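In: what shape does this take:
(chains A and B)
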Amino acid sequence: DAGVTQSPTHLIKTRGQQVTLRCSPKSGHDTVSWYQQALGQGPQFIFQYYEEEERQRGNFPDRFSGHQFPNYSSELNVNALLLGDSALYLCASSLGVKLAGTQYFGPGTRLTVL
Amino acid sequence: SQQGEEDPQALSIQEGENATMNCSYKTSINNLQWYRQNSGRGLVHLILIRSNEREKHSGRLRVTLDTSKKSSSLLITASRAADTASYFCATDRGNTGKLIFGQGTTLQVKP
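Out: Numbering: from 1, shown residues only, chains lettered A, B, ... in the order given. Now for the predicted structure:
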């Protein structure tokens, strides 16, 4: 049973560029959430996707956008990268947006913005 | 913004000792979860406790929840070097899956 997978593992970009991160949820899960974790901090909720729609959003600017595909996989896009976007980006999957069950996290994508 | 605050921020103990971490939060919740993170890698779910529960056990882990004090504690008994990691509490206010994390407790278990 494959867990949550994310790609790429590491990424280096320069300021102003755009980046796309990808996530495949755990088998059987239909809800994907994205989190940003700065060094030494706890993860911060970016947004959540369910049934291909953004269901909830944290306090992040519109430069952060996402998408969920019919197979439940998801992408996180960040435009006009800033130095402060350097962080570990975590994807989490769960079953049913209202079931409040356990969320399973992927290994993360470490983004460095130079 | 962070909902939870873990205490202490860092903890260093000897193998075999017990480790206790505390988490306080600000608003009412539906459930609280504890996660472990090794060296900046992905988060591993440890235990979920719902607002109507007071205590849960899982192996060497014991979690308590006091909703009147808006606090939770994680006890790891008979710690091992492999328990060295950062531990985070996360709250879910509306059973929506939107987790609000604290800043974590870094635990070092010395062999």
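In: excluding covalently adjacent residues, which one is nearest to the residue nearest the centre of chain A?
Out: Per CA atoms, centre = their mean, the C-alpha nearest to the average position across chain A is that of A:Trp34, at 3.1 Å. Closest residue to A:Trp34 apart from its sequence neighbours, by CB to CB, 6 or more residues apart in numbering or on different chains: A:Ile46 at 4.3 Å. All C-beta spots, glycine's among them, are computed from the backbone N, C-alpha and C.
In: circling back: can you pull up the bridge partners for the residue nearest to the centre of chain A?
Out: According to DSSP bridges, the partner residues bridging A:Trp34 are A:Phe47, A:Cys91.
In: check what pLDDT it gets.
Out: In this model, A:Trp34 is scored at 97, pLDDT.
In: what of the one 3 residues further on?
Out: What the model reports as pLDDT for A:Gln37 is 96.
In: so how many other residues sit close to it?
Out: As a burial measure, A:Gln37 scores 21 neighbours (other CB atoms under 10 Å in any protein chain shown).
In: B:Gly94 looks like it's in a helix, true?
Out: No - under the criterion used here (DSSP: H, G, I helix; E, B strand; the rest coil), B:Gly94 is coil, not part of a helix.
In: isn't it right up against B:Thr27?
Out: No - using CB atoms under 8 Å, B:Gly94 is not in contact with B:Thr27; the gap is 10.1 Å.
In: between the two, who's got more neighbours?
Out: B:Gly94 (12 against 9).
In: how about that one, nearest residue that isn't a chain neighbour?
Out: In space, and not counting its chain neighbours, B:Gly94 is closest to B:Asn30: 6.3 Å by CB to CB, 6+ apart.
In: next to chain A, which bits of chain B? Give me the list.
Out: Listed as neighbours of chain A in chain B under the rule CB under 8 Å from any CB of the partner chain: B:1-2, B:4, B:30-31, B:33, B:35, B:40-45, B:48, B:88, B:90, B:92, B:95-104.
In: all helices for chain B, in order.
Out: Counting by DSSP state H, chain B has no helices at all.
In: what's the weakest-modelled helix or strand in it?
Out: The least trusted helix or strand in chain B, going by mean pLDDT, DSSP states H and E, turns out to be strand B:5-7, with a mean of 84.
In: tell me how far that strand is from the chain's mean position?
Out: Here the centre of strand B:5-7 is set off from its chain's centre by 9 Å, with CA atoms, centre = their mean, to the nearest Å.
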